[in-house]
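Participant: prediction below, plus the sequence it came from.
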Number of protein chains: 6
Amino acid sequence: MQIKSIENNQGVELFALIQDAQVRTARNGSQYLSLTFSDPTGTIGANLWDATADQIADFLPGRVVYLTGQGSSYQDKLQLTLQTLRLATAEEPSDPSLYVARVAISEEELKSGLRPFFAAIQTPVYRTIVSSLLGTAGERFFTYPAAKQNHHALVGGLAWHTLSILRLAQSVSQLYAGINTDLLYAGILLHDCGKLVELSGPVATQYTTAGNLLGHISIVDGEIVQACLANQLDPNDDQVVLLRHLILAHHGRLEYGSPVKPQLLEAQILHQLDDLDASIVEVQQALAEVQPGEFSPRIFALDNRKFYQPTQPE
Amino acid sequence: MQIKSIENNQGVELFALIQDAQVRTARNGSQYLSLTFSDPTGTIGANLWDATADQIADFLPGRVVYLTGQGSSYQDKLQLTLQTLRLATAEEPSDPSLYVARVAISEEELKSGLRPFFAAIQTPVYRTIVSSLLGTAGERFFTYPAAKQNHHALVGGLAWHTLSILRLAQSVSQLYAGINTDLLYAGILLHDCGKLVELSGPVATQYTTAGNLLGHISIVDGEIVQACLANQLDPNDDQVVLLRHLILAHHGRLEYGSPVKPQLLEAQILHQLDDLDASIVEVQQALAEVQPGEFSPRIFALDNRKFYQPTQPE
Amino acid sequence: MQIKSIENNQGVELFALIQDAQVRTARNGSQYLSLTFSDPTGTIGANLWDATADQIADFLPGRVVYLTGQGSSYQDKLQLTLQTLRLATAEEPSDPSLYVARVAISEEELKSGLRPFFAAIQTPVYRTIVSSLLGTAGERFFTYPAAKQNHHALVGGLAWHTLSILRLAQSVSQLYAGINTDLLYAGILLHDCGKLVELSGPVATQYTTAGNLLGHISIVDGEIVQACLANQLDPNDDQVVLLRHLILAHHGRLEYGSPVKPQLLEAQILHQLDDLDASIVEVQQALAEVQPGEFSPRIFALDNRKFYQPTQPE
Amino acid sequence: MQIKSIENNQGVELFALIQDAQVRTARNGSQYLSLTFSDPTGTIGANLWDATADQIADFLPGRVVYLTGQGSSYQDKLQLTLQTLRLATAEEPSDPSLYVARVAISEEELKSGLRPFFAAIQTPVYRTIVSSLLGTAGERFFTYPAAKQNHHALVGGLAWHTLSILRLAQSVSQLYAGINTDLLYAGILLHDCGKLVELSGPVATQYTTAGNLLGHISIVDGEIVQACLANQLDPNDDQVVLLRHLILAHHGRLEYGSPVKPQLLEAQILHQLDDLDASIVEVQQALAEVQPGEFSPRIFALDNRKFYQPTQPE
Amino acid sequence: MQIKSIENNQGVELFALIQDAQVRTARNGSQYLSLTFSDPTGTIGANLWDATADQIADFLPGRVVYLTGQGSSYQDKLQLTLQTLRLATAEEPSDPSLYVARVAISEEELKSGLRPFFAAIQTPVYRTIVSSLLGTAGERFFTYPAAKQNHHALVGGLAWHTLSILRLAQSVSQLYAGINTDLLYAGILLHDCGKLVELSGPVATQYTTAGNLLGHISIVDGEIVQACLANQLDPNDDQVVLLRHLILAHHGRLEYGSPVKPQLLEAQILHQLDDLDASIVEVQQALAEVQPGEFSPRIFALDNRKFYQPTQPE
Amino acid sequence: MQIKSIENNQGVELFALIQDAQVRTARNGSQYLSLTFSDPTGTIGANLWDATADQIADFLPGRVVYLTGQGSSYQDKLQLTLQTLRLATAEEPSDPSLYVARVAISEEELKSGLRPFFAAIQTPVYRTIVSSLLGTAGERFFTYPAAKQNHHALVGGLAWHTLSILRLAQSVSQLYAGINTDLLYAGILLHDCGKLVELSGPVATQYTTAGNLLGHISIVDGEIVQACLANQLDPNDDQVVLLRHLILAHHGRLEYGSPVKPQLLEAQILHQLDDLDASIVEVQQALAEVQPGEFSPRIFALDNRKFYQPTQPE
């Protein structure tokens, strides 16, 4: 049974992830837990009344639980009235990532999609640095989201977003002369790797303290410096400086958090393709929820615009 | 002989276009013409002293002349000292477009490049409208520049810019699902057609009065309305409204002259690909003049940034 | 009986317009209608519990109903407890426009006020175009509001706003030399006519899809082109271009949705008088609700400022 | 003889105002004066070579001189070669204001135009304050320009601008209800009086130190406080606060130098009419120099726009 | 007993200040008072049901009351259920200022801290003006807050903020040469004195009408003019103009409400130290409520940023 | 003899630094060098006609020369007519830094001024990192300017600016509680160290390529990462993250090139003191060139404002 299929006044039993858990005090002075459960199909809230200290310690965000209860409607919103609640055991489907929506493309497809782009990088300096950072990233590169929310806030979002830009970059490189694809591909592969430190992970994603105080741009830049030292490269070497510039400039404008503006053809292209992929995915996701002839809700990242789902001509 | 090869103190004879001609009064009270000549290789200035009324009437911007004289240096700048100056005759190379730089791709390639995109448009409404506007444009579509200056300010620039965006759009449509290519291709084909009215032509390009007062965006929009009426279509019909929206919104932001912001997936894509092609061409042109290890002059349209031409690693 | 006079715990019977109607599901799973009723004196909410499919189909926004019930207070807000609810019959006051507030000036006064300005336009081109667009508009010109909300969001608001600007323009033309009143009056008469397409009508006003995607500025511009074709005028003729410019530039700044900025004296005047009338009416309406010595609520369209109602000196 | 009629190689004798005088050192080490002369018809430059200390002390900006010499052309610009130069005597036309362009309307017309507006102010507090400030201003009110440059930078510009706004305000007050004309007229009469301190005077106008450091808005505000004290009024009395608010808010936006934004209907109207008069006069003056079918130079105060002088339809 | 120590379901009796009192109508049609009580430790709400006309007239904001009742929880928020409520008598602690939080430094310390700065001003003009304004201010200077909310919104906030800037200014004057401390100290002492008119007082602080319409900057400027007239000084005298400039320019930018920008070294320093003290106090106050390892709520006045409370390294 | 004392028509002989050297072609086709010489007292231009290839190779920016010639005036500007020009020998005063203006405080004073601040840092992590970066910087820390131009563009400017902020920070730390001086001092000491890579050096200062492409903020950040690796510290350790944050955020706003905004009390203070020192020095330097009663030229970095040098009261 999945969250999406819960109905009012109906019995419920299912496994779910605790996405959020807040300890609160009821009017009678006792403590209760205000819980949010999620699985790939959706999200639902419930209160656990008279929560014991053990329950408060157990039911933390990120844990998987088994629950029984009943759908109930409160202020026009469906929620759960809990009957039983316990942690899932190791034999049960207790891997939190099972309960998080992921991108439509499989991890294997992501890996086989990315492989030729990495293989195409011939310049030793770029090959070494990319190899070092992706090595450190390991599997996390394929599970992290690309953002806390909005587009690509799905398991695998980081890799999917990276792959989409690489494919756009391949087309652009075929249509225009003089693009250094080694530099461009290396820059794309690394541009958002700082999110592996900036965000807490694919489940119940939060900004980390280092994420807030440094930002993902400076985090990757620091990791490139680290990779240089580990590989006897000079971080101020000409080629390294070009790659660092692609990372630093990829937000395109100072006011969007890039400490320098794009000053290389490849940096300009990376910035614009990053925006292009983000825009298309944001609009597609917004329109997926909308009937023909209707406007979507406003999309914050796109200038707060509503988008229109055209009617089908007969 | 071409303008680029003129040297100081050297005899000159060549055909050239009068790009600019200003009537001025010399200190002795007589009138003279301050002339600018151009050919595809460059530009050079000269004064025609004691100009007669006939000469003033003849030597207008846009005319082709035959001239003899000598290169001379004035304030560190090379100019011409004229010996003879006359209009080119019909037997001579008197077609002004011969003297204007054109895009690197031939008119035939532009036409054969564009043809499949037009052919791909199956929706009757879009086919009709595009056909009508391109019919009216005729050959001008293949000779007009895409701008008075900057990128694509070359003979054929409009068609080249249009074709480049179409090719980018084709790649994007293959990489992302759910894009209405009929609408997108029709929008791209027409998006800058208003420049056929906004600009005076490929030679000595100026803004026309209608161009200044209406702008190319509203000009095309009006022409689509015209095409509708000529073809018994309702300009407020759903499909027509979508196409008009693509045109109106293609500058992406109100402050760049679009009266509405993109609210269709295809409008957003058209806007971003328009920017992408313009950026790449601007940067490529700026870097073409720059040595490895040097920065280009500032590019006004790109946030006044300088771009760097990397050195070649040994 | 009118909405304004409803009191708590008091019997109610009246005719009203359904301004909004939302279908919702109650906690017990049954459907109900959340309704908003309005008449010229105000607005009040009510729920119709256990709504049948017929009721849901009948009680749509824009319909007039007869209702009985009782005033009741819910969370410090007065609402209605319905006893009976039915559609008004044709013999009853069932014209929706009876239930919408209108401007203080009668339709006849609006018409007689506008007539001399139209009569004053001697230039044939302008006379023809204005005549064509106002002919198409017909009675709607005198019933449409000038906006979805804010100033002039009243029946007749469009005509009232137009007349007010014309009167200001007449004064300005007498105080300053060299103003082309034919052009200026024509521009004023047409400047907001696009709202006849952009907005759904005087009752329960919404933006139409064409309104969202084209905007009222481009809508009128297209209609001027249509009028030209219908009257054998060239839409790029000098005089037509001037009039189109007045329409296109009347928001004054690109960021307010004008695709070009004012470049004619008359365009500048139209823009500033449009703003002046809007400001005065907005402030007057806000101050009408405020006691001497108090500040009004913030006015969004005026930079979010509060306005002060001065006390009367004794 | 007037400056406008000077021609190249022609004898010149005339009275003129020294508008600017700079002491410079020639290549031979001697000092010379670089002078600018003006009269109501224009401006012309000349050098006085080997200037003596007496000459340097005499020929100061603001002095009237009698000169003889010859028109000469230098770098396509007409200038004067001086033969004799001396200060004008008291018997000669030595009043500097004779040599400055003034507004088209006579001082007497300005006075008789303003009188009824002053007379219309019945509220004693406003009458007292206006009377006090205009009394202090005296004749300067009718000779000062309204700006160092741009619109109204003419003798009489302050009074002319004030009168124009008053006339607009009168029309507005007749078209809209509820405007406190006593407050509005008082505010208009005083709004730019701070320029009597901010600017040095009608001849060779400069910003004063107090003008730079305080600005004309705070200067008038301080003078209203002074007038209150001299007339036993409390500067924080309700009615005085309203008038001070009109002055303080008349630039409309903080970024234009108003310390508060308009929060009274009359303050909003004053602000918009001030802008309206300035815009119309700026555009009229720019178009006066332009042929039909041409665009004016860019007008800095109007968003750097060019304005178009339409051709006359036949 | 203090507000901070109230617990759920517990008896309460205490004196408190009425900070806010709103008359409302209950669902049964009777009137009740929605009250907010405060003391230096916090704030709590309560409703007085079936309020009589006498009670409504008595229990006004700013009055001190004695109350008994019980803590109760409503929607997770603690409030009071009242049993008795009466005004405090003159023998009881009925001075409202006892119930408002004040700065950590005593009034005596503020006075002894400020004294040497006033004593250090030797320039007679500045000494006279400062003396005049502080004399008028009297004790209010030591009780007023520096703002309606945010930093320094405490009893004594104005004096504390002034003293802090003076101490910073003293350090700066020792580190850099050429600073006119007489001018700088005078400017600091007066810069926020307009708040004595702009704000209603230390208790239940509101903006006054004069405060809204003039702003505290123009209010002090006017008072300096007054002080000049009372002391036979010319308000446009050079030295006075410098001091007025410091006041007028102290917000640093036009868009923050200064009618002129800083153009004196001392004006620039005053502006930056004003900001510096405000920032430090805002951040300190926000971090005081936050655990190590947590971020504060967003601080509106600091660009809406959150601040981080670092963890203590072991 | 020094540049400042050169007069027209007077013999000149002196040592000077070549600040700029441009190869140009004269009208007769021969090459010449357009040279700019500087010493601590000023700057003067000269042309070396008919320059040989050897001369072009020798007379490069940054070289010291001995020259003889004569002062001459060209277009009201003093320049040099060269008689002889040769490179200075090793025995002569050939150290380029002798010819560049330096800060008023000696290198020894800078060092002894900075020492106690470094000594005050007790936290091992900060002590290690600061020690590492200052060790790498070595003497360059005391010779580099703080900017290419503007304030502190003097030999020693970097150290002087750093010391000034440290002294301000010391005062602030004494006046306010809870400031982590170890963190703050470490941040100040390192905040501009990236300029050692961003700028070419104290003589003929230019931006380096790495400086343009990375910016001094990311350069130091990378060096801190390097220092961590060299000292077995984790660059994402909590304490390191705080220090990196101080560096990254010290421009205060994204649009000024900081990739993150200040989120620590110490980061906010560093940012504001950095601004304060820069402002004071800029204004002091501008006013040093200005007579009492005059305004300085506009200062670009201070919002393009002019500053006023007050007259001395008698």
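Facilitator: Cool, the structure landed.

Participant: mind giving me the domain split of chain A?
Facilitator: Following automatic domain parsing, one finds the domains of chain A at A:3-99, A:107-284.

Participant: A:L82: neighbour count?
Facilitator: 19 (other C-beta atoms under 10 Å in any protein chain shown). In this view, the C-beta of every residue, glycine as well, is placed from N, C-alpha and C.

Participant: and it, how far from chain E?
Facilitator: Noted for A:L82: a distance of 19 Å to chain E, by C-beta to the nearest C-beta, to the nearest Å.

Participant: helix/strand/coil for that residue?
Facilitator: The three-state assignment at A:L82 reads strand, by DSSP: H, G, I helix; E, B strand; the rest coil.

Participant: what about the lengthiest strand in chain A, distance to the chain center?
Facilitator: Across chain A, the longest stretch assigned as strand under DSSP state E is strand A:11-25. The chain centroid and the centroid of strand A:11-25 are separated by 22 Å, computed with C-alpha atoms, centre = their mean, to the nearest Å.

Participant: quick check: closest non-adjacent residue to A:L168.
Facilitator: A:L273 (4.7 Å; C-beta to C-beta, 6 or more residues apart in numbering or on different chains).

Participant: just the strands in the stretch 101-250 of chain A please.
Facilitator: Using DSSP state E, counting those that start in this stretch, the strands of the stretch 101-250 of chain A do not appear at all; there are none.

Participant: so where's it shaky on pLDDT?
Facilitator: A:149-152 (pLDDT under 70).

Participant: do that again at 90, thanks
Facilitator: A:101-102, A:104, A:146-155, A:200-206 (pLDDT under 90).

Participant: near chain B, which residues of it are found?
Facilitator: By the rule C-beta under 8 Å from any C-beta of the partner chain, the part of the stretch 101-250 of chain A lying against chain B is A:123, A:164, A:167-168, A:171-172, A:175-178, A:180, A:238-239, A:242.

Participant: thought A:T311 was touching B:D238?
Facilitator: Yes - when contacts are counted by C-beta atoms under 8 Å, A:T311 is listed as touching B:D238 (6.2 Å).

Participant: could you list which of the residues of the stretch 101-250 of chain A next to chain B belong to helices?
Facilitator: For those, the ones inside helices are A:164, A:167-168, A:171-172, A:175, A:238-239, A:242, with DSSP state H as the criterion.

Participant: as TSV, those with neighbour count would be great.
Facilitator: Output for these, formatted as TSV (neighbours: other C-beta atoms under 10 Å in any protein chain shown):
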residue	neighbour count
A:S164	24
A:R167	20
A:L168	24
A:S171	17
A:V172	22
A:L175	16
A:D238	16
A:Q239	20
A:L242	26
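
Participant: possible to save the residues you listed as JSON lines with distance to B:A249?
Facilitator: Formatted as JSON lines, those follow (distance: C-beta to C-beta, whole Å):
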{"residue": "A:S164", "distance to B:A249": "23"}
{"residue": "A:R167", "distance to B:A249": "26"}
{"residue": "A:L168", "distance to B:A249": "22"}
{"residue": "A:S171", "distance to B:A249": "24"}
{"residue": "A:V172", "distance to B:A249": "23"}
{"residue": "A:L175", "distance to B:A249": "24"}
{"residue": "A:D238", "distance to B:A249": "42"}
{"residue": "A:Q239", "distance to B:A249": "41"}
{"residue": "A:L242", "distance to B:A249": "35"}
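
Participant: the residue nearest to A:L168 belongs to a helix?
Facilitator: Yes - looking at A:L273 with three-state DSSP, it is inside a helix.

Participant: need the pLDDT of it.
Facilitator: pLDDT, A:L273: 98.

Participant: kindly report the same for A:W49.
Facilitator: In this model, A:W49 is scored at 87, pLDDT.

Participant: what's the closest non-adjacent residue to it?
Facilitator: Nearest non-adjacent residue to A:W49 (C-beta to C-beta, 6+ apart): A:Y32, at 4.8 Å.

Participant: pretty sure that neighbour is touching A:A46, no?
Facilitator: No - with contacts counted by C-beta under 8 Å, A:Y32 stays clear of A:A46, the gap being 10.3 Å.

Participant: what lies in contact with stretch A:306-314?
Facilitator: Residues outside stretch A:306-314 that contact it (C-beta atoms under 8 Å, 6 or more residues apart in numbering or on different chains) are A:283, A:286-287, A:290-299, B:123, B:180, B:238-239, B:242, B:263-265, B:268, C:209, C:212-213.

Participant: typo on my end, it should be stretch A:135-154
Facilitator: For stretch A:135-154, contacts defined as C-beta under 8 Å, 6+ apart pick out A:97, A:100-103, A:107, A:110-111, A:134, A:155-161, A:192-193, A:195-196, A:199, A:201-202, A:205-207, A:223, A:278, A:281-282, A:285, A:300-301.

Participant: how about a cut-off of 6 Å?
Facilitator: A:101-103, A:107, A:110, A:155, A:157-159, A:161, A:196, A:202, A:205, A:278, A:281-282, A:301 (C-beta atoms under 6 Å, 6 or more residues apart in numbering or on different chains).

Participant: which ones are touching A:L114?
Facilitator: By C-beta under 6 Å, 6+ apart, A:L114 lies in contact with A:L163.

Participant: can we see that at 10 Å?
Facilitator: With contact taken as C-beta atoms under 10 Å, 6 or more residues apart in numbering or on different chains, A:L114 is in contact with A:134, A:141-142, A:159, A:162-163, A:166, A:185, A:189.

Participant: verify the stated contact: A:H245 with A:N236.
Facilitator: No - at 11.7 Å, A:H245 and A:N236 do not qualify as touching, with contact defined as C-beta atoms under 10 Å.
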